[in-house]
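Undergrad: Coordinates for the following, if possible.
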Amino acid sequence: MDHERLNLREVIWVRDSKVKLKEFPQSVQKDIGDALFIAQAGNMSPEAKPLKGVGSGVFEIRGDYRTNTYRTVYAVKIGERVYVLHCFQKKSRSGIKTPKKEIDLIKRRLKMAQEQEKNYE
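TA: Reported below is the predicted structural model:
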């Protein structure tokens, strides 16, 4: 399939997010890839949920494998691109809430993505 014909948004991987995603189990990588493809097409996967406390246009995709949960966070309201901000395995220490250190990292990377977008303008 020709990406130009589909008019897909470019995916920008912030820092080590792509490397981290490649460490996830194959089935989780596929599910997350499918959800990101839907975002590239300008739609929202049923798997994607808004990530609260970070900012508008930031979404989280959760993938489960055995007893583990994997998360990928991406932003869509920065120009015409999809920025994958962070991929991580959720360690079950504080229930379903995303740990503060992960939220802080996501916020830093969101700022980086916003700065990077200025270079495309």
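Undergrad: Please pull out the lowest mean pLDDT helix or strand from this protein.
TA: Least confident element among the helices and strands of the chain, by mean pLDDT, DSSP states H and E: helix 3-6 (a mean of 58).
Undergrad: what does the following helix or strand past that helix contact?
TA: Next helix or strand after helix 3-6 toward the C-terminus (DSSP states H and E): strand 11-13. The contact list for strand 11-13, computed with C-beta atoms under 8 Å, 6 or more residues apart in numbering, reads 36, 40, 81, 82, 83, 84, 113, 116. Yep, even glycine has a C-beta here, placed from its N, CA and C like the rest.
Undergrad: Quick check on the residues you listed: which are buried?
TA: The neighbour-count test (16 or more other C-beta atoms under 10 Å) marks 36, 40, 81, 82, 83, 84, 113, 116 as buried among those.
Undergrad: and the third one, what are its bridge partners?
TA: Listed by DSSP bridges, the beta-bridge partners for residue 81 are residue 78.
Undergrad: surely it meets residue 14?
TA: No - at 10.7 Å, residue 81 does not count as touching residue 14 under the criterion of C-beta atoms under 8 Å.
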